[in-house]
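Peer 1: Sequence first, predicted model second:
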Amino acid sequence: MADTSDTRTPAQIEADIRRRREVLAETLDEIGVRVHPKTIVGDAKAKVVSNVDHTLGRAYVQVNRVVSDVKGQFVDEEGAPRMKRVLPVALVAVGVVGLLVLGTRRRNR
């Protein structure tokens, strides 16, 4: 049979009970803070902001990569324009703008 006798003094038992009450009170306070609506809303806001920041960061990296790739098509390693590629694109752009101008002039008449 197991020994069920307690060798602690009443003062030791009371001190142990007091410590356990303090720990329990701290735990209940922490739970109260965690389940408080302001805490929940604040945590949700922080999570959304973090996700938005992460998404915007990834989008920025992707856009930067695309811009660098396009720039690489029209500028050489030294930074000089590649005229063989710039001129056809410029001519097409001028042609499209010219067609748009002619189209709006015809509509206005």
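Peer 2: Ah, there it is.
Peer 1: Surely Thr39 and Glu30 touch.
Peer 2: No - contact between Thr39 and Glu30 fails when scored by CB atoms under 8 Å: they sit 10.6 Å apart. C-beta coordinates here come from the backbone N, C-alpha and C atoms, glycine included.
Peer 1: Determine how far stretch 31-51 lies from the middle of the whole chain.
Peer 2: Distance of stretch 31-51 from the chain centroid (CA atoms, centre = their mean, to the nearest Å) equals 16 Å.
Peer 1: For the longest helix along the chain, which helices and strands make contact with it?
Peer 2: When the chain is scanned for its longest helix (criterion: DSSP state H), the result is helix 37-74. Secondary-structure packing of helix 37-74 (3 or more CB pairs under 8 Å, 6 or more residues apart in numbering; DSSP states H and E): helix 83-108.
Peer 1: ok so, going back, now the longest helix of the chain and helix 83-108, what's the angle there?
Peer 2: Angle, helix 37-74 to helix 83-108, by axes from the mean of the first three to the mean of the last three CA atoms, to 10 degrees: 110 degrees.
Peer 1: which residues of this structure score low on pLDDT?
Peer 2: Scanning the chain for pLDDT under 70 picks out the ranges 1-4.
Peer 1: give me that answer again for 50
Peer 2: Across the chain, not a single residue meets the criterion (pLDDT under 50).
Peer 1: how is this protein carved up into domains?
Peer 2: The chain resolves into domains spanning 10-74, 79-109 when parsed by automatic domain parsing.
Peer 1: In CSV: these, plus mean neighbour count.
Peer 2: What follows is those, written out as CSV (neighbours: other CB atoms under 10 Å):
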stretch, mean neighbour count
domain 10-74, 10
domain 79-109, 10
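Peer 1: Give me the secondary structure label for Glu77.
Peer 2: Here Glu77 is coil, with the state taken from DSSP: H, G, I helix; E, B strand; the rest coil.
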